[in-house]
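> Provided below for reference: sequence and predicted model.
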Amino acid sequence: MHPILSSTRLPLVNPLLGIGLKLASTFVFAIMLVLVKAGGSHVPAGEVVFFRSFFALIPVVGYIAWRGDLGTAYRTKRLGGQFYRAGFGAVAMCFWFASVARLPIADALAISYAGPLITVALAAVMLGELVKLDRWAAVALGFAGVVVILSPHLGDLRRIGVDVGATGAALGMVGAFFSALAAVQTSELTRTEPTTTIVLYFTTFSTLLALVTLPFGWVVPNWSDGLLLAGAGLFGGIGQLLLTSSYRWAKASTIAPLEYSSMLWAVLFGFWLFGEIPGYSVAIGSAVVIVSGLIVILRERADDAATAEDSDEAAADWPAPARP
């Protein structure tokens with residue numbers, strides 16, 4: 001069995017490969033965002049989600065078929081849970097892509113960093129997970145950073161629907177909330193379901209769910225927008241494979257902090273392609289959110305080290321997040 005996307009626990013023989021795959025995934029997802037912003041400005045968000053999900057099936061299904069696992073990848077004991085996870089993820093994508101269309105890439109990405117912080121709170125409420133005081137403090141710090149990021153738009157929130165920036169900020173926060181719901185549902189599913197199955201059902205169901213928005217103003221994109229959105233889907237699928245692979249080669253506590261490297265790509269691509277320069281609020285707020293996220297991750301690593309029976313058992317079969 002090929003280790004990538006395998007549902008079995010494997011020895012972590014190459015952490016550097018895991019780190020490289022994770023960094024590659026953040027780069028590929030950044031390209032996906034650029035394509036979404038460039039091709040989705042005149043296309044409804046639900047239609048963008050369809051392109052992102054449908055064309056992502058090509059690399060995902062193709063890779064699984066190449067491995068000879070397609071016949072078993074759709075086997076699930078929890079079809080309802082898969083549907084809920086895909087539903088939350090599809091809604092998160094819809095709001096996030098709508099936010100990206102209205103905000104600079106770095107701003108929209110910085111707001112999305114609120115998702116993991118919300119996940120901590122939801123995991124305590126919905127899954128009954130014990131969250132220690134130091135992590136609650138880190139979450140509070142992170143939300144303070146999010147407020148700093150949102151500060152340029154807070155005064156205009158009463159003009160949501162009229163002011164583009166205020167609308168984009170609000171959409172981004174709603175997207176972060178649904179992304180957190182998807183993460184919690186993913187955590188629940190991984191107790192019984194292989195990562196392969198979760199990723200495949202997520203991509204398939206989100207494609208079908210996006211079709212529900214068809215009566216609400218879909219447009220026929222011109223050839224250039226269509227190609228850009230199809231490319232976004234392909235890069236999204238490739239990024240998902242890279243992301244999942246990275247979590248099979250290195251510990252989650254090693255891989256997770258590298259997610260914040262996506263801000264570097266967002267700033268570079270935003271400036272190079274769209275002339276976007278992040279403001280002080282985004283820079284300061286992002287730094288605060290990143291610090292809070294790293295505190296949570298480091299505390300998780302310390303707890304894992306304290307409870308693991310040995311170093312091999314500490315490298316558990318962590319699921320890769322099914323990122324929008």
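Sure thing, it's come through. Model, not experiment: these values are computed from the prediction. Numbering: from 1, shown residues only.
> who touches Ala140 in this structure?
Applying C-beta atoms under 8 Å, 6 or more residues apart in numbering, we find Ala140 in contact with no residue. To be clear about C-beta, it is placed using only N, CA and C from the backbone, and glycine gets the same treatment.
> Could you pull out the buried residues of the helix or strand encompassing it?
Using DSSP states H and E, Ala140 maps to helix 133-154. By neighbour count on 16 or more other C-beta atoms under 10 Å, the buried set for helix 133-154 is 135, 138-139, 141-143, 145-146, 148-153.
> Please apply the same query to stretch 287-301.
288-290, 292-293, 295-297, 301.
> Would you map the helices across this protein?
15-39, 45-67, 70-73, 79-102, 105-112, 114-126, 133-154, 164-189, 195-210, 223-249, 252-255, 262-274, 280-307, 311-314 (DSSP state H).
> out of the ones you listed, which comes closest to Gly217?
Gly217 lies closest, by C-beta to C-beta, to one member of the helices of the chain: helix 45-67, at 8.5 Å.
> starting at the chain centroid, how far to that closest one?
Relative to its chain's centre, helix 45-67 lies at 15 Å (C-alpha atoms, centre = their mean, to the nearest Å).
> which strands and helices sit next to it?
helix 15-39, helix 70-73, helix 79-102, helix 195-210, helix 223-249 (3 or more C-beta pairs under 8 Å, 6 or more residues apart in numbering; DSSP states H and E).
> List the buried residues in the third one.
For helix 79-102, a neighbour-count test (16+ other C-beta under 10 Å) marks 81-102 as buried.
> just the fourth one next, same as before
By 16+ other C-beta under 10 Å, the buried positions in helix 195-210 come out as 195-207, 209-210.
> residues making contact with it?
Residues contacting helix 195-210 (C-beta under 8 Å, 6+ apart): 5-7, 46-47, 49-50, 53-54, 56-57, 60-61, 64, 69, 73-76, 82-83, 85-87, 89-90, 93-94, 186, 189-190, 237, 240, 244, 319-320, 322.
> Buried ones among those?
5-7, 46-47, 49-50, 53-54, 56-57, 60-61, 64, 69, 73, 76, 82-83, 85-87, 89-90, 93-94, 186, 189-190, 237, 240, 244, 319-320, 322.
> how close does Val148 sit to Gly87?
31 Å (C-beta to C-beta, to the nearest Å).
> wait, doesn't Ala266 sit right on Ile105?
Yes. With contact defined as C-beta atoms under 8 Å, Ala266 and Ile105 form a contacting pair (4.6 Å).
> any common contacting residues for the two?
In contact with both Ala266 and Ile105: 30, 33, using C-beta under 8 Å, 6+ apart.
> Any stretches of the stretch 151-300 of the chain with poor pLDDT?
153-163, 252-254, 300 (pLDDT under 70).
> do that again at 90, thanks
By pLDDT under 90, the low-scoring segments of the stretch 151-300 of the chain are 151-170, 180, 183-199, 216-217, 240-264, 274, 276-283, 285-286, 289-300.
> hmm, back to that, wait, which of the helices and strands packed on helix 45-67 is closest to Leu109?
Comparing the helices and strands packed on helix 45-67 by C-beta to C-beta, helix 15-39 comes nearest, at 7.2 Å.
> thought Trp265 was touching Thr26?
Yes. With contacts defined as C-beta under 8 Å, Trp265 counts as touching Thr26 at a distance of 6.2 Å.
> measure Gln185 to Ala65 for me?
Using C-beta to C-beta, Gln185 is found at 26 Å from Ala65.
> quick one: contacts for the closest residue in space to Gly217 that isn't next to it in sequence?
Nearest non-adjacent residue to Gly217, counting by C-beta to C-beta, 6 or more residues apart in numbering: Pro44, 5.3 Å away. Pro44 makes contacts with 213, 216-219, as judged by C-beta under 8 Å, 6+ apart.
> next one: Ala176
92, 96, 111-115, 118.
> would you list these in TSV and tack on distance to Phe178 and pLDDT?
As requested, the contacts of Ala176 are arranged in TSV below (distance: C-beta to C-beta, whole Å; pLDDT from 0 to 100):
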residue	distance to Phe178	pLDDT
Ala92	4	94
Trp96	9	92
Ile111	13	89
Ser112	11	89
Tyr113	15	87
Ala114	11	87
Gly115	9	85
Ile118	9	87
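> tell me which of those is nearest to Leu229?
Looking across those and measuring by C-beta to C-beta, the closest to Leu229 is Trp96, at 14.7 Å.
> isn't the closest one right next to Phe177, touching?
No. With contact defined as C-beta under 8 Å, Trp96 does not reach Phe177; the gap is 10.8 Å.
> still on that earlier bit, compile the buried residues of stretch 287-301 into TSV and extend it with columns for distance to Phe274.
Below are these laid out as TSV (distance: C-beta to C-beta, whole Å):
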residue	distance to Phe274
Val288	25
Val289	22
Ile290	23
Ser292	28
Gly293	26
Ile295	32
Val296	31
Ile297	31
Arg301	36
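> With respect to Leu122, which of those is nearest?
Distances from Leu122 to these, taken by C-beta to C-beta, are shortest for Val296, at 13.8 Å.
> Who are the contact partners of the residue nearest to that closest one when sequence neighbours are not counted?
Spatial nearest neighbour of Val296, chain neighbours left out: Ala138 (4.9 Å); criterion: C-beta to C-beta, 6+ apart. Taking C-beta under 8 Å, 6+ apart as the contact definition, Ala138 lies against 292-293, 295-296, 299.
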